[in-house]
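In: turn this into a structure:
(chains A and B)
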Protein chains: 2
Amino acid sequence: MAVRWTFTIVAILMTSLPLHGVAGKWTPEQLLEHDPAWLKELGLELSAEELWDLEKGGLLEAIIKIGGCSAGLLSEDGLVITNHHCIFGILQEHSTPERDLIASGFLAAGREDELPGTGTRATVPYSFTDVTAEVAGAVPEDADDLERYRAIDRKTKELVAECEQREFRRCHVAAYDDGVQYQLVEALEFPDVRLVYAPPRTVGEFGGEVDNWMWPRHSGDFALVRVYAGGENQPVAHAADNQPYRPRRHLRISPEGARPGSFVLVAGYPGITYRSLVAAEMGERAERFFPGRAHLYREWLDVMEAAGERDEEARILLADRVKSLANREKNARGQVAGIERGRLLAKKHESEREVLAWAAEQENHGATVAAYEELGKLVEEQSATWDRDFLLENVGGGPMALDLALRITRWAMEQAKPDLERHLDYQDRHREKQLDGHRRDQKRLHPDTEATLLVDYLGRLAALSDGQRLPAVTALLDDARDAEQIGPFVDHLFTGSSILDLDARLAMFDESVDELRKRDDPMIDFAFELNAEILAIEERAHRFDGAVSRLRPVWRRAVRAYLDRPLDPDANRTLRVSLAHVEGYRPRDGILMEPRTKLAGIVEKHTGEDPFDAPAPVLAAAAGAPESRWADADLGDVPVCFLATGDTTGGSSGSPVLDARGRLVGVNFDRVWENVANDFGYNPEIARNVSADVRYLLWMLEAIEMPGSKALLEELGVGIPEE
Amino acid sequence: MAVRWTFTIVAILMTSLPLHGVAGKWTPEQLLEHDPAWLKELGLELSAEELWDLEKGGLLEAIIKIGGCSAGLLSEDGLVITNHHCIFGILQEHSTPERDLIASGFLAAGREDELPGTGTRATVPYSFTDVTAEVAGAVPEDADDLERYRAIDRKTKELVAECEQREFRRCHVAAYDDGVQYQLVEALEFPDVRLVYAPPRTVGEFGGEVDNWMWPRHSGDFALVRVYAGGENQPVAHAADNQPYRPRRHLRISPEGARPGSFVLVAGYPGITYRSLVAAEMGERAERFFPGRAHLYREWLDVMEAAGERDEEARILLADRVKSLANREKNARGQVAGIERGRLLAKKHESEREVLAWAAEQENHGATVAAYEELGKLVEEQSATWDRDFLLENVGGGPMALDLALRITRWAMEQAKPDLERHLDYQDRHREKQLDGHRRDQKRLHPDTEATLLVDYLGRLAALSDGQRLPAVTALLDDARDAEQIGPFVDHLFTGSSILDLDARLAMFDESVDELRKRDDPMIDFAFELNAEILAIEERAHRFDGAVSRLRPVWRRAVRAYLDRPLDPDANRTLRVSLAHVEGYRPRDGILMEPRTKLAGIVEKHTGEDPFDAPAPVLAAAAGAPESRWADADLGDVPVCFLATGDTTGGSSGSPVLDARGRLVGVNFDRVWENVANDFGYNPEIARNVSADVRYLLWMLEAIEMPGSKALLEELGVGIPEE
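Out: Residues are numbered from 1 along each chain as shown, chains lettered A, B, ... in the order given. As a prediction, the model looks like this:
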């Protein structure tokens, strides 16, 4: 009763205690370089060798990739955990307006019901070999920067080609900090990956774009897939009689979960970071690239979202692109805001001055100052054609019809060259990937919207200054500038073209340049003209890359020597490990973010309207959650998400989060907004990654029983005890 | 440097500990009823008698009112602390586009520079007498509800008139829970109040509407005024030779401030709460009144804000009304959201069922069930004319020209009656207050906007259903419905009227009905027609009030008996004390609001743009704040605001917040958003009031030195020590 005398004992005491926030996306090898006492002090109970041994491998072998995401092997039958948003394409592929798996979620009742994902590949690490000496040795002594680039490019392709002679291998050469080290990465790439479990979108994306990059978070951003192999446990194309892949290692689940303050290890394949950039390069990212990307993507999102609102079919077709673009748009804004807020540019200048002053006095680092200054000059040189290069770089984000035509024509153009001289993406070894891309994109395009996006894109190309304007664009559009003028040209490109037809495109795929030309397909013809110019532009970029491969290693070796400690290289999609702790943070004065959320928070946020529309069975079962075996004693509820001080970035999505004993406690899926600029520098006060607690997944499978859930829990090693 | 190896020790541990959240806006007498051991346990180090003694008075005598706000006497020379937003009208009165005191803030260099505030009155409590028996005795045994109302009304007026025979007294009869108790409140009302200190608006309102009702908060919502008296220390009108009022008691400042977990006491004059309402009445508030108010005020705000954007003069003239309306609009939204979120209606039903079941079995509370049911029926009866009554009730929020005319004509109409039969606001004793209102409102009106608001208001009256439509409105507008049709009628009302002219209005003020009628002022004539109907409507309201005065006490006495504990009556603008603790809260899963903010948070929020545009001297001085004597050791900075579990409402603005020893540690100015529906029920988990820390005020005076600040610090008892 409202008037009732209240003397309830409810309150909160807040204190601050020092814990740990450790910068570093360490390579597995670097784990072995660390002082074991320090690792122990952080909380790791395994030895570094149990995680990774150059001879015998280790637990980190269970850390794999699913598409562009990280993932973890969870059973001896090839079961894999990753994020819901990483397998969204499979849900989309199998969804129709009548059977909307995106909305309903999916659980395979038996293995025969698992859903194959076209183009979804599982990449399992096999071995890593240092090839720095070989790559360096391939560069002629008197090479200029273009020759240098070409020599390195050729050498890495040779190494890859040689590596892929070995059965079932997929290989690539990873450059660390643009050449401080080159490493030949061997992996097994499995093309038969099938969806086992995905929660409804309203669970996997609970909070949607409103909560994306935010805390507190309540998304069940997890999913399970299974990797299938051929009769000899080897990678093969999808086939009905394939068998579950039997991995050498897999992770075990910790039923105890992660607790505030406890040690966790985030293992995955972080994409790209920018910490090794010098201030001038960082300035270009902060002041041009990210603001430009945020702006461009926002406008394309507006186009696609408007289409989705008009037309339900368009909404489904474009959903995946909208989601991905929105995510990158918000990321770009966060980078800009975070760099400004953290005064990262000023701090970078400051710390660089220290290294430069030190290096100037060292005998071994005499070239440092000159290398640093030359990097700055390269940035300046690039700025003359920055706008044009930026648009060409981003063609994949918007006008898909043109992007498809560019890919088709480029494939034909590259086919005319010897394999080793081709652009990496157009070598024979990527044939299947290219084809998969065409198949997958067919389910992601919406003709009317593609026309609108192309009008927009050509308008931007047309508006470039004289020095940057592409002759192919002038030839196509003449003086047309605005949408009204450009519209008829785009109509013409589409009317005579079969680029949006999958069968036609697949037929084009192996045609030669001449054969394609004979089709008189205006979109194809325009793509040829554009590609010819892009190739010329690429040569300048190669010269630039050659220079960077010469300069950056000089600079980074000086930084490493100045610090006199291990220095983690920038993320480059290779396997990395971050050493972290479960921990909250203060986003601003007066607010403390707690490190964990719980089911009650979903009920609290639930409004019944997107994106806060939790499924009725989840809401119904939430009431009993405190009694579930997956409830956390301290929380008095099933945990949903948790924060840790993990050093993550894009590509870390799906990274398994392991406890001190190497057992799975969660799956990483995001960073907090304040931490987006982490790509440029780690700030222990706000560096927080967001993970879904594995107990939320287990509770979902157990509390909302469906055919198949019992077997799945058993496979995960947490079968329901007999009563 | 961004790449520097980071192993910084920074982190946060969060725990929860039970503390206290105590519902109750206790009357001073109720403090004496409480178990002293319980008060001590809460943390109070004074005895209840030191705070309040029926014979000797006590420290609470220092708790006064400034206008509609609470305030506290701080020196033997009548210095008073209250909120910046409570003295905003004085700043506005003395501001011109050339000398914008609102923007610059104000500090009187000497007493002769202090700024008188027209219409700002200080009300100092003098004595409180229980008159329940006398009021009850005045009601004839066979009175119907209208007669009952009139008997009570007459009796209270007689009591007031008799009381005001005593020199310098201002009196009123306060009804507690509609008649459980009647109390004759005697006070001294000082009309000479002068502004001593107000910070710049960018300090006093830092965060503005964005932060209003929010936490974390960084507003320096404090100001100092001085009360002036005549030669015998008595209330007199403003005069140059008045002397500072010498109070019997004043508060001392605690230089130690408030710390998390420490006991505080919030003392002031909370306005209106609704906890004694039964569910049916609460439903009317939750489902009609607050949603209706939020909607109506939002539309009027839009009109006034648009005018302010077009015209700087309009912006200044309307600032005070915009601020007040925006505040009430946000409050109304918060009430709706809070009642829904807390499921307060359902809980009220539940608890009422308990009381009803219990009462049905008691001999002494036989009338309870019937009284409860009759209250519900009264609500139902009111709903037939709810829309009309709501619009008439809210005339003061929007169409000021009509409101002024209604006040002028009503004054004349009431003057024709004997004083004791008049509406309370129109008795002779309120003559000065009415005149002050006209003078003050002259600085708050903007002719063009008044026309727009009147068109809007008449449109709403015109749109009422047939049963509710007022004949005066039909007579004026005929069939006009929309703004375009109503515009010419409003033009006519204004063209022939001198209602917006202050001199004319003051001249009208003592004219009789006939004299006013002879003016042929169309706005005045319309107001007469409207007032005639309002008077008839009021009679029905009086009958309703009579019934409530009969029923509510029956119900509340049963609740009190059922609980068998002291029961604090609903707030009714009388002096109340809340027993609280400094404490943070969890607004939702995963977020912990810390109980204090600091200067660094202002620097952090500062964007340079309204409402986050801290003055340059504050930003400059903030860097040295950690070394200031006003810095808090735990915070390492000067504290700005703090949260406590105080049970407050509107009117609690300006309430002094005292520590366990009765020393001033802050001044209350807001509640958190989640706690707005507190008016309907106290929830210890989210019941948090927001106060400015007195050390922020002291730091402002000391760190940003201005002529007069040194003397002021000395008067506050914290003079700067000689070096």
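
In: from here on, contacts and neighbour counts on C-alpha atoms
Out: Noted.

In: lowest-confidence helix or strand of chain A?
Out: When each helix and strand of chain A is scored by mean pLDDT, DSSP states H and E, strand A:7-8 comes last, with a mean of 30.

In: what's the first helix or strand after the helix or strand harbouring residue A:158?
Out: Here residue A:158, judged by DSSP states H and E, is contained in helix A:145-163. Remark: after helix A:145-163, the chain's next helix or strand is strand A:169-176, criterion DSSP H and E.

In: quick one: whichever helix or strand comes after that next one to helix A:145-163, angle?
Out: Sequence order places strand A:181-190 as the next helix or strand after strand A:169-176, per DSSP H and E. With axes from the mean of the first three to the mean of the last three CA atoms, to 10 degrees defining the directions, strand A:181-190 sits at 40 degrees from helix A:145-163.

In: what is the mean pLDDT for strand A:181-190?
Out: Strand A:181-190 shows a mean pLDDT of 96.

In: do the same with stretch A:25-36
Out: 94.

In: how about the residues of the stretch 551-700 of chain A by chain B?
Out: Within reach of chain B by CA under 8 Å from any CA of the partner chain, the stretch 551-700 of chain A has these residues: A:563, A:565-567, A:583-585, A:588-598, A:600-601, A:604, A:680-682, A:684-685.

In: roughly how far apart are residue A:656 and residue A:697?
Out: Counting by CA to CA, to the nearest Å, the separation of residue A:656 from residue A:697 is 13 Å.

In: which one of the two is surrounded by more residues?
Out: residue A:656 (35 against 24; other CA atoms under 10 Å in any protein chain shown).

In: next, count neighbours for the nearest residue to residue A:400 once chain neighbours are set aside.
Out: The shortest distance from residue A:400 to any residue other than its chain neighbours is 6.3 Å, reached at residue A:450 (CA to CA, 6 or more residues apart in numbering or on different chains). Other residues within reach of residue A:450, judged by other CA under 10 Å, total 21.

In: what sits against residue A:450?
Out: Contact analysis of residue A:450 by CA atoms under 8 Å, 6 or more residues apart in numbering or on different chains lists A:399-401.

In: please identify the buried residues of the helix or strand containing it?
Out: For residue A:450, the element it lies in under DSSP H and E is helix A:447-462. Across helix A:447-462, burial judged by 16 or more other CA atoms under 10 Å in any protein chain shown covers A:449-462.

In: can you check stretch A:462-473 too?
Out: Per 16+ other CA under 10 Å, stretch A:462-473 contains these buried residues: A:462, A:468-470, A:472-473.

In: what's the farthest-apart pair in those?
Out: A:468 and A:472 (11.7 Å; CA to CA).

In: strands along the stretch 1-150 of chain A, start to end?
Out: A:7-8, A:13-15, A:21-22, A:63-66, A:69-73, A:79-82, A:106-107, A:115-116, A:122-130 (DSSP state E, counting those that start in this stretch).

In: where does chain A dip in pLDDT?
Out: A:1-20, A:721-723 (pLDDT under 70).

In: hmm, back to that, which one of the buried residues of stretch A:462-473 is nearest chain B?
Out: Set against chain B, the nearest of the buried residues of stretch A:462-473 by CA to the nearest CA is residue A:468 (33.9 Å).

In: that closest one contacts residue A:390, doesn't it?
Out: No: with contact defined as CA atoms under 8 Å, residue A:468 does not reach residue A:390; the gap is 11.1 Å.

In: helices and strands around the host helix or strand of residue A:536, which ones?
Out: Using DSSP H and E, the element containing residue A:536 is helix A:522-563. Counting contacts by 3 or more CA pairs under 8 Å, 6 or more residues apart in numbering or on different chains; DSSP states H and E, helix A:522-563 packs against helix A:145-163, helix A:344-360, helix A:368-382, helix A:400-415, helix A:471-477, helix A:483-495, helix A:513-518.

In: what's the third one packed up against?
Out: Which is helix A:368-382. helix A:279-284, helix A:344-360, helix A:522-563.

In: how about the shortest one against chain B, any contact?
Out: No: interface with chain B: helix A:279-284 contributes nothing (CA under 8 Å from any CA), its closest point being 10.0 Å away.

In: what packs against that helix?
Out: helix A:344-360, helix A:368-382.

In: burial measure for residue A:127, as a count.
Out: 17.

In: if you could redo that for residue A:714, that was the one I meant.
Out: 12.

In: one more: residue A:256?
Out: Around residue A:256 there are 17 residues (other CA under 10 Å).

In: again with the one 3 residues further on
Out: Using other CA under 10 Å, residue A:259 is surrounded by 19 other residues.

In: can you confirm it is in a helix?
Out: No: per DSSP: H, G, I helix; E, B strand; the rest coil, residue A:259 lies outside any helix segment and is coil.

In: any idea what the closest residue to it other than its chain neighbours is bridged to?
Out: The shortest distance from residue A:259 to any non-neighbouring residue, by CA to CA, 6+ apart, is to residue A:582 (6.5 Å). Beta-bridge partners for residue A:582, by DSSP bridges, are residue A:644.

In: neighbours of residue A:582, how many?
Out: Count around residue A:582 with other CA under 10 Å applied: 26.

In: now it: how far from residue A:261?
Out: Distance from residue A:582 to residue A:261, by CA to CA: 5 Å.

In: list the buried residues for stretch A:150-158?
Out: So stretch A:150-158, judged by 16+ other CA under 10 Å, has buried residues A:150-157.

In: end-to-end on stretch A:383-399?
Out: 24 Å.

In: off-centre distance for the helix holding residue A:536?
Out: Offset of helix A:522-563 from its chain centre (CA atoms, centre = their mean, to the nearest Å): 21 Å.

In: repeat for stretch A:213-230
Out: For stretch A:213-230, the distance to the chain centre is 13 Å (CA atoms, centre = their mean).

In: same thing with stretch A:520-537?
Out: 29 Å.

In: list the buried residues of it.
Out: Quick answer for stretch A:520-537 (16+ other CA under 10 Å): A:521-531.

In: for stretch A:223-235, same thing?
Out: A:223-230, A:234-235.

In: same deal with stretch A:385-392?
Out: For stretch A:385-392, by 16+ other CA under 10 Å, it's A:386-389, A:391.

In: got a list of contacts for it?
Out: A:289, A:460-461, A:464, A:467-469.

In: can you do 6 Å?
Out: residue A:468 (CA atoms under 6 Å, 6 or more residues apart in numbering or on different chains).

In: export it as CSV, just CAs?
Out: These are the backbone C-alpha positions of stretch A:385-392, laid out as CSV (Å, rounded to 0.1, in the frame of the first residue of the first chain):
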residue,chain,number,x,y,z
THR,A,385,42.9,12.3,-54.5
TRP,A,386,41.4,11.4,-51.1
ASP,A,387,37.8,12.0,-52.0
ARG,A,388,38.0,9.9,-55.2
ASP,A,389,39.9,7.0,-53.5
PHE,A,390,37.4,7.1,-50.6
LEU,A,391,34.4,6.6,-52.9
LEU,A,392,36.1,3.8,-54.9
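
In: check the offset of it from the chain's centre.
Out: 23 Å.
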